[in-house]
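Undergrad: sequence plus the predicted model coming up.
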Amino acid sequence: LNSSGMQFALALQPMALLDPEDDQIQLVDLGELGPVRCGRCKAYMNPYMRWTDGGKAFQCNFCGHTNACPDQYFSYMGPDGQRRDVYERPELCRGTYEVVATKEYFVRPPMPVTHVFLIDVSSVAVNSGATAATCLCIEQVLDSLLGGDSTMVGIVTFDSTVHFFNVAKGQTTPQMLVMADVNDVYAPMSSELLARLSDSREQLQELLGSIPSMFGAAAGPECCAAAAIEACVELLKPTGGKIHAFMSSLPNCGARALKLRDGNINVSDKEKQTGLLPQDLTYMTMASQAADFNVCIDLFLLAQHYIDVATLSTLTHTTGGSLYHYLPFNPMMDQDQLLNDLKWNVSRGQALEAILRVRCSAGLDVEGYLGDFHKPPNSPTDLYLPAIDCDKAMVAKLAIVDKLSPNSEVYLQCALLYTTTDGRRLVRISTLALPVSDQMGAVFKGADFDSQLAYLARQVAVTVPGGTSAAAKDLIMLRITATLAAYRKFCATSSSSVQLILPEALKLLPLFSLALHKSPILRPDVRPDERSLWLASMIGSSCGRIMGLLHPRLFAVHHLLVSTAVRPVNLPSCCCEAIHCQRGATNIQPAGNLLQGGWICLFRYQWVDPQYMLSPLS
């Protein structure tokens with residue numbers, strides 16, 4: 001593997017949405033017994049465990065230790081050498097399953113679903129329409145919040161001070177508490193500032209409707225967004241939860257105020273990208289403290305100008321939050337997108353107060369991770385995720401630390417301990433078996449291009465801040481040339497030396513490497529905020545999302561129409577096959593096409609009826 005030039009990495013997306021053709025993930029409830037695990041390495045039960053002694057013991061496929069089978073888990077062996085209940089227990093026949101956690105997996109009672117909406121009411125936000133748009137969107141997504149009757153909601157606003165609103169059941173007028181000292185941050189009456197959604201829905205809606213006019217004339221130009229976020233973290237420390245912060249300008253007063261940095265676009269390839277590094281390292285400290293108390297921070301940047309995404313993105317990166325950027329924000333054009341982003345953010349599948357660990361069988365080890373997570377210094381193996389949703393992914397870098405026997409198998413297991421939005425504590429376990437081969441052809445045949453690209457993009461994303469674009473480009477070229485040279489040397493020696501030979505599994509590697517070169521990450525004519533946004537997207541996005549960002553997909557609009565129904569644009573390829581983009585626009589059909597990447601472009605020929613083209617987008 002070292003001679004192949006390829007990286008050995010594991011792409012993880014534990015909460016990914018299921019394909020419509022996939023089976024549902026089965027839930028196992030073993031009662032007081034809890035999950036069955038190896039006594040030595042703590043690996044969870046999986047289909048590759050070997051049963052011995054007539055079913056009274058099992059040998060761990062990760063460390064080889066022989067464990068006694070619990071009496072209540074015993075089953076007789078069949079004539080085929082398998083347990084008789086092998087197809088009745090998901091943990092014995094499925095690669096992924098969930099198991100109900102017992103009290104040993106609880107540090108505290110499961111946290112309730114809690115949302116704090118932090119709204120910018122400074123003069124910049126009010127005058128641009130961001131405040132009104134934010135309040136309207138929050139009001140419209142209240143019905144989409146997960147968690148049922150136990151969902152808690154808090155409303156906080158800020159300009160030069162921070163305003164907390166106490167919305168109690170039966171209270172006609174919300175009580176506003178003001179934190180005037182934004183340099184000494186605290187949260188007053190934390191237990192009374194979170195309202196149960198089922199009891200206070202009408203009061204919350206009235207409050208959201210009155211906020212734009214409440215601060216319209218009194219709004220000041222200063223913005224203490226960082227102090228407001230820290231106050232919300234203090235508010236959520238007893239319970240944990242999510243902060244949805246809506247910001248329209250750079251934090252310029254109070255704790256952790258930021259300065260306007262040089263927004264020079266024309267940075268040469270050999271110049272260090274210092275503007276992509278956080279200018280205040282205390283933001284990382286605040287994010288780590290938030291993650292320690294299971295507080296996740298989402299940022300919605302509704303700005304008109306530079307807002308220092310490089311510094312603010314550390315809050316989402318460490319706490320597992322999401323980053324949205326609308327520049328320049330225009331309510332007429334961006335409000336629908338803001339509503340769509342916010343609604344998907346609160347309604348998508350997600351796990352709370354999660355802990356993730358990857359286990360490897362003998363001969364392998366995990367060197368490190370790339371993604372959005374919190375890793376405390378005292379936890380070398382576990383990743384802490386205050387929240388992880390279906391769109392988040394990470395990559396684990398693997399290393400071969402001992403000689404592996406050919407024709408054998410190695411095993412990888414990802415275990416995610418988390419709390420569901422309905423208050424259950426579960427463990428989601430995924431186990432993967434990989435064959436070991438000493439043939440280079442088999443290594444290239446089994447290569448996974450999506451994972452290779454995801455790891456390469458993340459490597460570039462962590463190289464650019466503080467480094468140079470030239471170094472990142474050299475890294476890409478080094479990876480490509482090493483891989484293709486190894487394939488030619490070991491698998492295609494009889495081919496002509498002037499012929500480009502590509503392995504079948506990696507035949508798109510040059511194309512996507514060129515796309516990575518031309519992306520906003522490495523282009524010289526990109527604003528620092530936009531570049532930082534792309535860097536954040538590359539680090540935390542799934543394999544499919546990264547591919548869509550780097551190389552857009554082309555869809556024929558007339559194929560999106562099925563009878564009178566219109567399919568959504570983000571269909572899987574099995575529902576609407578994408579057109580291959582070759583030689584620019586040469587195979588754009590004379591009807592209409594959607595080019596989907598980080599945005600959507602609509603192409604149509606001049607004789608096509610505009611109403612026909614606009615109907616799929618209505």
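TA: All right, it came through fine.
Undergrad: my read: S150 touches D199, true?
TA: No. In this structure, S150 is not within contact of D199 by Cβ atoms under 8 Å, at 10.9 Å. Glycine gets a C-beta too; all of them are placed from N, C-alpha and C.
Undergrad: could you list the residues in contact with stretch 101-109?
TA: Applying Cβ atoms under 8 Å, 6 or more residues apart in numbering, the external contacts of stretch 101-109 come out as 32-35, 417, 425-427.
Undergrad: brain fart, stretch 167-182
TA: With contact meaning Cβ under 8 Å, 6+ apart, stretch 167-182 is reached by 155, 160-166, 185-189, 192-193, 195-196, 199-200, 203-204, 207, 224, 227-228, 231, 253-255.
Undergrad: may I see the ChimeraX selection of the buried members of those residues?
TA: For the buried members of the contacts of stretch 167-182, the matching ChimeraX selection, counting by 16 or more other Cβ atoms under 10 Å, is:
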select :155,160,161,162,163,164,165,166,185,187,193,195,196,200,203,204,207,224,227,228,231,253,254,255
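Undergrad: show me the contacts of stretch 167-182 that map onto strands.
TA: Per DSSP state E, strands hold the following members of those: 155, 162-166, 195-196.
Undergrad: in the stretch 51-200 of the chain, which spans are helices?
TA: 90-93, 123-128, 130-141, 197-214 (DSSP state H, counting those that start in this stretch).
Undergrad: G31: neighbour count?
TA: The tally of other residues near G31 (other Cβ atoms under 10 Å) stands at 8.
Undergrad: sorry, slip of the keys, the one I care about is Q205.
TA: Neighbour tally, Q205, other Cβ under 10 Å: 15.
Undergrad: same deal with Q499?
TA: Neighbours of Q499 (other Cβ under 10 Å): 8.
Undergrad: which pLDDT value belongs to it?
TA: The model reports Q499 with a pLDDT of 76.
Undergrad: so it, which of the three states?
TA: Classification of Q499 using DSSP: H, G, I helix; E, B strand; the rest coil returns coil.
Undergrad: ok, which pair from the ones in strands among the contacts of stretch 167-182 is furthest apart?
TA: V162 and R196 (22.6 Å; Cβ to Cβ).
Undergrad: so what's P510 up against?
TA: Listed by Cβ under 8 Å, 6+ apart, the contact set of P510 reads 480, 502.
Undergrad: now the helix or strand hosting it - C-alpha only, PDB.
TA: P510 belongs to helix 509-518 when elements are defined using DSSP states H and E. Output of helix 509-518 as PDB, limited to C-alpha atoms (Å, rounded to 0.1, in the frame of the first residue of the first chain):
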ATOM      1  CA  LEU A 509      -8.600  11.600 -10.300                       C
ATOM      2  CA  PRO A 510      -6.900  14.000 -12.700                       C
ATOM      3  CA  LEU A 511     -10.300  15.700 -13.500                       C
ATOM      4  CA  PHE A 512     -11.100  16.400  -9.900                       C
ATOM      5  CA  SER A 513      -7.600  17.400  -9.100                       C
ATOM      6  CA  LEU A 514      -7.800  20.000 -11.800                       C
ATOM      7  CA  ALA A 515     -11.200  21.100 -10.300                       C
ATOM      8  CA  LEU A 516      -9.600  21.400  -6.900                       C
ATOM      9  CA  HIS A 517      -6.900  23.700  -8.500                       C
ATOM     10  CA  LYS A 518      -9.600  25.900 -10.000                       C
END
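Undergrad: hmm, who's touching whichever helix or strand comes after that helix?
TA: Once the chain leaves helix 509-518, the next helix or strand it forms, by DSSP H and E, is helix 528-540. Residues outside helix 528-540 that contact it (Cβ under 8 Å, 6+ apart) are 261, 263, 265, 273, 275-276, 303, 306-310, 313, 316-317, 323, 325, 327, 370-372, 392-394, 457-458, 460-462, 464-465, 519-521, 545-546, 549, 598.
Undergrad: list buried residues within these.
TA: 273, 275-276, 303, 306-310, 313, 316-317, 323, 325, 327, 370-372, 392-394, 457-458, 460-461, 464-465, 519-521, 545-546, 549.
Undergrad: so which of the contacts of helix 528-540 belong to helices?
TA: The helices in this structure, assigned by DSSP state H, contain 309-310, 313, 316-317, 457-458, 460-462, 545-546, 549 from the contacts of helix 528-540.
Undergrad: and these as CSV, adding distance to Y44 and pLDDT?
TA: Below are those laid out as CSV (distance: Cβ to Cβ, whole Å; pLDDT from 0 to 100):
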residue, distance to Y44, pLDDT
V309, 39, 95
A310, 39, 95
S313, 34, 96
T316, 30, 97
H317, 29, 96
A457, 30, 95
R458, 27, 96
V460, 34, 95
A461, 32, 95
V462, 31, 94
R545, 28, 91
I546, 29, 93
L549, 34, 89
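Undergrad: a markdown table for those, including distance to F293?
TA: Converted to a markdown table, the ones in helices among the contacts of helix 528-540 look like this (distance: Cβ to Cβ, whole Å):
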| residue | distance to F293 |
| --- | --- |
| V309 | 25 |
| A310 | 25 |
| S313 | 20 |
| T316 | 16 |
| H317 | 17 |
| A457 | 31 |
| R458 | 27 |
| V460 | 33 |
| A461 | 27 |
| V462 | 26 |
| R545 | 29 |
| I546 | 31 |
| L549 | 32 |
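Undergrad: by mean pLDDT, which helix or strand of this protein comes out lowest?
TA: Lowest by mean pLDDT, DSSP states H and E among the helices and strands of the chain is strand 565-566, with a mean of 44.
Undergrad: circling back: closest one of the ones in helices among the contacts of helix 528-540 to D292?
TA: H317 (15.3 Å).
Undergrad: return the residues in contact with that closest one.
TA: 287, 372, 536, 539-540.
Undergrad: in the stretch 151-300 of the chain, where is pLDDT below threshold?
TA: Judged by pLDDT under 70, the stretch 151-300 of the chain has its weakly predicted residues at 218-219, 262-267.
Undergrad: which residue of the protein sits farthest from its center?
TA: Of all residues in the chain, P79 has its C-alpha farthest from the mean position, at 45.8 Å, by Cα atoms, centre = their mean.
Undergrad: against Y73, how distant is it?
TA: 21 Å (Cβ to Cβ, to the nearest Å).
Undergrad: chain neighbours aside, what residue packs nearest to D308?
TA: Ranked by Cβ to Cβ, 6 or more residues apart in numbering and with sequence neighbours excluded, the top spatial neighbour of D308 is L258, at 5.3 Å.
Undergrad: return the residues in contact with that neighbour.
TA: 226, 250-252, 279-280, 308, 311.
Undergrad: of those, grab the buried ones for ChimeraX.
TA: Buried residues among those (16+ other Cβ under 10 Å), as a ChimeraX selection:
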select :226,250,251,252,280,308,311
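Undergrad: from the contacts of L258, which is closest to V121?
TA: Nearest to V121 among the contacts of L258, with distances taken as Cβ to Cβ, is P251, at 14.2 Å.
Undergrad: need the contact list for the closest one.
TA: 223-227, 257-258.
Undergrad: now do the helix or strand containing D341 against helix 130-141, angle only.
TA: Assigned by DSSP H and E, D341 belongs to helix 331-347. In terms of direction (axes from the mean of the first three to the mean of the last three Cα atoms, to 10 degrees), helix 331-347 departs from helix 130-141 by 40 degrees.
Undergrad: export helix 331-347 to PDB, keeping only CA atoms.
TA: Extracted in PDB, the C-alpha atoms of helix 331-347 (Å, rounded to 0.1, in the frame of the first residue of the first chain):
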ATOM      1  CA  PRO A 331     -34.000  39.900   1.700                       C
ATOM      2  CA  MET A 332     -35.700  39.800  -1.700                       C
ATOM      3  CA  MET A 333     -33.200  37.300  -3.000                       C
ATOM      4  CA  ASP A 334     -31.900  35.400   0.000                       C
ATOM      5  CA  GLN A 335     -34.800  35.100   2.400                       C
ATOM      6  CA  ASP A 336     -36.200  31.900   0.800                       C
ATOM      7  CA  GLN A 337     -32.700  30.400   0.900                       C
ATOM      8  CA  LEU A 338     -32.300  31.400   4.500                       C
ATOM      9  CA  LEU A 339     -35.700  29.800   5.400                       C
ATOM     10  CA  ASN A 340     -34.800  26.600   3.500                       C
ATOM     11  CA  ASP A 341     -31.400  26.400   5.200                       C
ATOM     12  CA  LEU A 342     -32.800  27.000   8.700                       C
ATOM     13  CA  LYS A 343     -35.700  24.600   8.200                       C
ATOM     14  CA  TRP A 344     -33.300  21.800   7.000                       C
ATOM     15  CA  ASN A 345     -30.900  22.600   9.900                       C
ATOM     16  CA  VAL A 346     -33.500  22.000  12.600                       C
ATOM     17  CA  SER A 347     -35.500  19.100  11.000                       C
END
